[in-house]
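Enquirer: Show me how the following folds:
(one chain, ligands or ions: 2)
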Amino acid sequence: MNMPLRTDALYAASASTSQHRQETVLPTATELRAQFPAEQHLVRAIAGYRDQVRGILHGEDQRTLIVMGPCSIHDEQAALDYATRLKALSDQVSDRFLIVMRAYLEKPRTTVGWKGLLYDPERNGRGDLKLGLERSRKLLLALSELGLPLATEALSPFVMDYLGDLISWTAIGARTTESQIHREMVSGLPMPTGFKNGTDGGIGVATNAMKSAAHPHHHMGMSSQGAPAMISTPGNPDTHLVLRGGRGVTNYDEVSIAKAIAELEKAGVSTSVMVDCSHDNACKQAERQLEIAREVMAQKRHGNRRIKGLMLESFLEPGRQDDGASLRYGCSITDPCLGWSQTEALIRSL
Ligand SMILES: O=C[C@H](O)[C@H](O)COP(=O)(O)O
Ligand SMILES: C=C(OP(=O)(O)O)C(=O)O
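Expert: Ligands and ions are numbered 1, 2, ... in the order given. Below is the predicted model of the structure:
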């Protein structure tokens, strides 16, 4: 374990030492990637998955992109079990769907709560980012070896340097779509990225985010070697809107999607849309995802070609549980998810 280093100059005026911010040195992105490298066959496969996602977003591939998996990963074995089943299912429906597994290691919280495997892998509230980064990277490598493309939410602007080479589709969450730091980060990401609408349901923050992320930026950051750096980004041409509802109001129905597309057109950004069947669209009731997914796919079948994808929260067991001493295997400890049998039946029915 690294020794915590106390910062002095900036916080010297604090009343007592217990109020001092502490720093614990972490491996650099280069060091972690060297410790757990992505072999060439994975690098090639991930480049191919990203191209497939781009093909769907740009209308060259008529399949539907489905980003699905647990709300968050707290147990690597359960994530691998889920991924094994998902891979088998994905192979059977690959003529119609490109399935990308949610491998979410960072969770944005409304106030406070467990922030994900990457921050607090032991879930004891003490935080251990070194272990979290190592376990996260090892898990993403193992999931990639199963032959699945992976998705994540990019929350910390530094984490993608450690893990982003293993990711084929990225989300910017409802709580961070308006953040300039996240837009700058997306401008430098090498994969397609979806911006969620705001937590209030507003689309404007996402259209602004898409414009900003398409642009080159210069921003403050950290080099792969861990030094402060000016990062210059080229702009990301592969962003799109994710409709997730907001403040208890859903936005997956025909009228809401048409309104959103009109706003995207007016803003001059991509009109490709993914519908998140969970979150405020499902009012946090996992089973509502079933009817939402069917309704959105019916809109697509009836001719709405701007609908490019769905997002589903699904795990081995249905529902959710509070974190604690005895946990149900394969059940979410954050938002409620569909169970595996519901998930499998849904995908086959679509
Ligand atoms: O997707 C998960 C949650 O909706 C998100 O992380 C916010 O969670 P919270 O409101 O429970 O903090
Ligand atoms: C946190 C998530 O979504 P949102 O940003 O829409 O709340 C998520 O997809 O896990």
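
Enquirer: Which SSE is immediately downstream of the helix or strand encompassing Met210?
Expert: Element membership of Met210 [criterion: DSSP states H and E] is helix 204-213. Remark: after helix 204-213, the chain's next helix or strand is strand 217-222, criterion DSSP H and E.

Enquirer: Which helix or strand lies directly C-terminal to that next one?
Expert: strand 228-233.

Enquirer: what comes into contact with that next one?
Expert: Under the contact criterion Cβ atoms under 8 Å, 6 or more residues apart in numbering, strand 228-233 has outside partners 184, 187-188, 216-223. Backbone N, C-alpha and C define where each C-beta goes, glycine included.

Enquirer: Now restrict the residues you listed to buried residues only.
Expert: 184, 187-188, 217, 219, 221 (16 or more other Cβ atoms under 10 Å).

Enquirer: nearest to ligand 1, of those residues?
Expert: Glu184 (22.1 Å; Cβ to the nearest ligand atom).

Enquirer: what sits up against whichever strand or helix holds the closest one?
Expert: Element membership for Glu184 (DSSP H and E) is helix 180-187. If you take Cβ under 8 Å, 6+ apart as the criterion, helix 180-187 is touched by 154, 157, 160, 170, 172, 176, 193, 195, 209, 212-217, 219, 231, 233-236, 239.

Enquirer: what angle do it and strand 217-222 make?
Expert: Helix 180-187 and strand 217-222 meet at an angle of 100 degrees, taking axes from the mean of the first three to the mean of the last three Cα atoms, to 10 degrees as the criterion.

Enquirer: Does the following helix or strand past helix 180-187 reach ligand 1?
Expert: Note on helix 180-187: by DSSP H and E, the next helix or strand toward the C-terminus is strand 193-196. No. Applying Cβ under 6 Å from any ligand atom, one finds strand 193-196 separated from ligand 1 by no less than 10.2 Å.

Enquirer: what's strand 193-196 packed up against?
Expert: strand 169-172, helix 204-213, strand 239-243 (3 or more Cβ pairs under 8 Å, 6 or more residues apart in numbering; DSSP states H and E).

Enquirer: re earlier: now, the most widely separated pair of the buried ones among the contacts of strand 228-233?
Expert: Pairwise distances among the buried ones among the contacts of strand 228-233 were taken by Cβ to Cβ; the largest, 11.6 Å, belongs to Ser187 and Gly221.

Enquirer: Show me which residues of this protein sit near ligand 2.
Expert: Residues of the chain lying near ligand 2 (Cβ under 6 Å from any ligand atom): 71, 104, 108, 153, 171, 173-175, 196, 244, 276, 279.

Enquirer: so which two of the contacts of strand 228-233 are the farthest from each other?
Expert: For the contacts of strand 228-233, and using Cβ to Cβ, no pair is farther apart than Pro216 and Met222, which are 19.0 Å apart.

Enquirer: coming back round to it: for the helix holding Glu184, buried residues please.
Expert: 182-187.

Enquirer: Among those, which one sits closest to ligand 2?
Expert: Once Cβ to the nearest ligand atom is applied, the member of those that ends up nearest ligand 2 is His182, at 11.3 Å.

Enquirer: do you know how far the closest one is from Leu65?
Expert: Using Cβ to Cβ, to the nearest Å, His182 is found at 21 Å from Leu65.

Enquirer: pretty sure Ala45 is touching Gly147, no?
Expert: Yes. At 7.4 Å, Ala45 counts as touching Gly147 under the criterion of Cβ atoms under 8 Å.

Enquirer: So the two - more neighbours on which side?
Expert: More crowded of Ala45 and Gly147, by other Cβ atoms under 10 Å: Ala45, with 18 against 13.
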